[in-house]
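Undergrad: Show me the folded form of this:
(2 chains, ligands or ions: 2)
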Amino acid sequence: MLTLTHISKSYGARGEVAALTDVSLGIGQGEFCAIVGASGCGKSTLLNIIGLLDRPDAGQVAFDRRVIDAGSRAEAARLRNELIGFVFQSFHLLPRLTAWQNAALPLQYRGVSRSDRRPRALEMLDQVGLKDRAEHLPSELSGGQSQRVALARALIGAPRLLLADEPTGSLDSASANDIMALLRRINREAGLTIVMVTHDRDLAARCDRRIELHDGQVVSAEAAA
Amino acid sequence: MTGASPHSPPSLSDAFIEALANLRSQGRRSLLALIGILIGTASIVALLNIGHIGQAEAMKAFNELGVDMIRIQATRTSSGGHAHFDRSVIDALSGREAMVAEAVPLALGSGRVFSGPQQANLSIVGATTELAALNRWRPVSGRLLRAIDDGSTVAVLGSQAAASLSAPGAEIGPGSAIRLGDYVFTVVGVLAERDRQMLDATNYANAVLIPLAGARRVLAGDQPNVVMVRLRPGTDQEAAGRRLSAMLADPRTTVQVTSALEVVAAMGRQRAIFASLLAAIGGVSLLVGGIGVMNVMLMSVMERRREIGLRAAVGATPAELRLMFLIEAGLLSAAGGVLGAVAGIGVSLLVAMVSGWEFVLAMHVLPLGPAVAGAVGLIFGLYPAVAASRLDPIEALRAV
Ligand SMILES: Nc1ncnc2c1ncn2[C@@H]1O[C@H](COP(=O)(O)OP(=O)(O)OP(=O)(O)O)[C@@H](O)[C@H]1O
Ligand SMILES: [Mg+2]
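TA: Residues are numbered from 1 along each chain as shown, chains lettered A, B, ... in the order given. Ligands and ions are numbered 1, 2, ... in the order given. Next up is the predicted model:
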């Protein structure tokens, strides 16, 4: 469902830091894919480009063979809202909003009314096992619980693709396992395509497929399952 | 897919609820900016309402006499003697001068007036029936002076004058006797209360009116020392004043001319002083308030970079982010504006009280305060809002 062709991205005033060099990849519908590699090899850069948060210097991103050409930032924002759910290492919950309000945030940018957002957020929180914490503020939640709220937020808009950049990076191993199990379950039950960046070999091993980057290039991409 | 259509922006009510919550979390900083806006708005609202009050006051001062009046007063020259006009000259004015519609003489003096044990210092006015008509006097009891009273010792009292000569149980009224100098006058009427008009030669409420023809008995002479002149509409008041004073002046008498327009202009000057003072305060305060709003919003954008990045990631467009911060700035300012409008009305009430003017509320001024404040908020909030919308979501998410 996702095809990257000849993606390159470099940073610096004269493009002296090559973050990605000629990356081509295909990811199938329903795949749970791990991106691995040493620090600084370009994993986050790749994820940001897939997630339409960043634009490549060269190359194309296509969903379902349709090349995404987000002409403007507004267009990119709308496509993100419609197609992509994000989970970050540091949760990025808004501290003044309760768990359900955080989970409901993407719906706000679809014009869903406040009264309609709440039941849907509660339903999502129920799916990640956090219904009883709906009215709590992020400061009252543990790391694992916070990440589950973030996961509910990523899923509430029914995205085509879930992007997770080290989702377990700031969790203890028990919570990390819980989150991984949750991701697996969502992938299996809803058939959601997931791309996850991780440093954890064990977690990577539990994915359908591992893509290894080295210095901005794909060094091994196991065949699509 | 889920119910609502994708791509529709968040509802405005959502945006307002969020903006309120965000402002509340800014606490003291929001408050300072709000106070700046408040003072600015208060000054502007006060300015406009005082202008309105002053104008109403000016109009009130002329609504009975009209604005085509001038008052000509004889004042003594250094050579001394009683300054007065010749009644015959004045009576001839309205016939001979094309610009004069009506010329009404009166003699003005003052003296101690007795009524039994009561006494008071009152204005004494030698008046004619024409003066009564010009001033639209109405008796509250008894009658006004009549032409046949000329020469007889009858008097009409102003409302305050009657009150100050009355004793408990001995109300003064038609039939009462009062003494002026060596003469006893019979009261034939008391004037109804009436606002003092701008060109009134004296406060008639506090005066005793006697026939001009018999005024010699208690005043220095029976010749008038004041002339009220009604000009024909469209006459140049300044030129008319100059011409009339040239005609009426003689070596013993100098002439002082006061025109309605002149008084209006003087009131206008007084209001202009208030106005420029308040405009200066208002402008400076709004500027300070606006900069305060900009400061609050810039700090807010800095502190909430991660939030901005996250909102962008989940689908907020730059325009939606911009709007979010603009609403916060506008709301902060509009709140200051509403409070400022209330404070401004209070200030104008105070000024009206100090100036002895009647307080009126200019309804059209009320929405202006918050509107101006809101506009200031939007103008000064624009830069922070644009800055927020220009943040790179990746950078913003990485912020600490
Ligand atoms: N905004 C930027 N400006 C300059 N260089 C950048 C920027 N973002 C990333 N880089 C560089 O691009 C390269 C790839 O960065 P990226 O964040 O994708 O690595 P990563 O694989 O996610 O690393 P980590 O595992 O530490 O998160 C690195 O060399 C990094 O220094
Ligand atoms: Mg990274």
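
Undergrad: for the longest helix belonging to chain A, packing partners?
TA: The helix that spans the most residues within chain A, counting by DSSP state H, is helix A:173-190. With contacts taken as 3 or more Cβ pairs under 8 Å, 6 or more residues apart in numbering or on different chains; DSSP states H and E, helix A:173-190 sits against strand A:32-37, helix A:143-155, strand A:161-165, strand A:193-197. C-beta coordinates here come from the backbone N, C-alpha and C atoms, glycine included.

Undergrad: want to throw those into JSON lines with distance to ligand 1, mean neighbour count and mean pLDDT?
TA: Shown next, in JSON lines, are the helices and strands packed on helix A:173-190 (distance: least, Cβ to the nearest ligand atom, whole Å; neighbours: other Cβ atoms under 10 Å in any protein chain shown; pLDDT from 0 to 100):
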{"stretch": "strand A:32-37", "distance to ligand 1": "6", "mean neighbour count": "24", "mean pLDDT": "95"}
{"stretch": "helix A:143-155", "distance to ligand 1": "17", "mean neighbour count": "25", "mean pLDDT": "96"}
{"stretch": "strand A:161-165", "distance to ligand 1": "7", "mean neighbour count": "24", "mean pLDDT": "96"}
{"stretch": "strand A:193-197", "distance to ligand 1": "7", "mean neighbour count": "24", "mean pLDDT": "97"}
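
Undergrad: Quick check: which of the ones you listed is nearest to residue B:274?
TA: Each of the helices and strands packed on helix A:173-190 has some distance to residue B:274 by Cβ to Cβ; the shortest is helix A:143-155, at 56.9 Å.

Undergrad: Run the chain-centre distance for the closest one.
TA: Helix A:143-155 has its C-alpha centroid displaced from the chain centroid by 12 Å (Cα atoms, centre = their mean, to the nearest Å).

Undergrad: So for residue B:181, what's the pLDDT?
TA: With respect to pLDDT, residue B:181 scores 86.

Undergrad: Check residue B:399 too.
TA: 82.

Undergrad: Please list all residues in contact with it.
TA: Residues near residue B:399 by Cβ atoms under 8 Å, 6 or more residues apart in numbering or on different chains: B:305-306, B:309.

Undergrad: starting at the chain centroid, how far to stretch A:181-192?
TA: Using Cα atoms, centre = their mean, the offset of stretch A:181-192 from its chain centre is 13 Å.

Undergrad: Do a quick rundown of the helices in chain B.
TA: B:12-26, B:28-62, B:87-96, B:129-135, B:159-165, B:237-248, B:260-303, B:305-313, B:318-355, B:368-390, B:393-398.

Undergrad: again with chain A
TA: A:43-50, A:73-83, A:99-108, A:114-127, A:143-155, A:173-190, A:201-205.

Undergrad: Kindly reformat those as a markdown table containing distance to residue B:97.
TA: Output for these, formatted as a markdown table (distance: least, Cβ to Cβ, whole Å):
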| stretch | distance to residue B:97 |
| --- | --- |
| helix A:43-50 | 93 |
| helix A:73-83 | 78 |
| helix A:99-108 | 80 |
| helix A:114-127 | 79 |
| helix A:143-155 | 90 |
| helix A:173-190 | 102 |
| helix A:201-205 | 109 |
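
Undergrad: buried residues in stretch B:197-205?
TA: B:197-202, B:204-205 (16 or more other Cβ atoms under 10 Å in any protein chain shown).

Undergrad: nope, stretch A:205-213 is what I was after
TA: So stretch A:205-213, judged by 16+ other Cβ under 10 Å, has buried residues A:207-213.

Undergrad: Comparing the helices of chain A, which stretch has the densest surroundings?
TA: Of all these, helix A:99-108 has the most neighbours on average by mean count of other Cβ atoms under 10 Å in any protein chain shown, namely a mean of 26.

Undergrad: Give me the contact list for that helix.
TA: With Cβ under 8 Å, 6+ apart, helix A:99-108 has contacts from A:81, A:85, A:93-94, A:97, A:112, A:116-118, A:120-122, A:124-125, A:130, A:133-138, A:141, A:149-150, A:152-153, A:156-157, B:2, B:4, B:10, B:14, B:310-311, B:314-315.

Undergrad: now do stretch B:142-151
TA: Outside stretch B:142-151, the residues within contact range by Cβ under 8 Å, 6+ apart are B:127-129, B:132, B:137, B:154, B:156, B:173-174, B:187-190, B:209-214.

Undergrad: Pick out the residue nearest the middle of chain B.
TA: residue B:54 (1.7 Å; Cα atoms, centre = their mean).

Undergrad: Oops, could you answer that again for chain A instead?
TA: Most central in chain A under Cα atoms, centre = their mean is residue A:163, positioned 1.6 Å from the mean C-alpha point.

Undergrad: any idea how far that residue lies from residue B:175?
TA: Residue A:163 sits 105 Å away from residue B:175, taking Cβ to Cβ, to the nearest Å as the criterion.

Undergrad: Near the residue of the stretch 151-300 of chain B found nearest chain A, how many other residues are there?
TA: Nearest residue of the stretch 151-300 of chain B to chain A: residue B:300, at 12.2 Å (Cβ to the nearest Cβ). Close neighbours of residue B:300, defined as other Cβ atoms under 10 Å in any protein chain shown, add up to 21.

Undergrad: is it possible to export the contacts of residue B:399 to a markdown table including pLDDT?
TA: A markdown table is the format used below for the contacts of residue B:399 (pLDDT from 0 to 100):
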| residue | pLDDT |
| --- | --- |
| B:305 | 93 |
| B:306 | 94 |
| B:309 | 96 |
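
Undergrad: Name the nearest of these relative to ligand 1.
TA: Using Cβ to the nearest ligand atom, residue B:309 is the member of those that sits closest to ligand 1, with 13.0 Å.

Undergrad: Contacts only, for the nearest residue to that closest one once chain neighbours are set aside.
TA: Spatial nearest neighbour of residue B:309, chain neighbours left out: residue B:396 (3.0 Å); criterion: Cβ to Cβ, 6 or more residues apart in numbering or on different chains. Neighbour list for residue B:396: B:305-306, B:308-309, B:312 [criterion: Cβ under 8 Å, 6+ apart].

Undergrad: now do residue A:204
TA: A:34, A:36, A:198, A:210.

Undergrad: Wait, the third one touches residue A:34, no?
TA: Just to be clear, that refers to residue A:198. Yes. With contact taken as Cβ atoms under 8 Å, residue A:198 and residue A:34 are classed as touching, separated by 5.7 Å.
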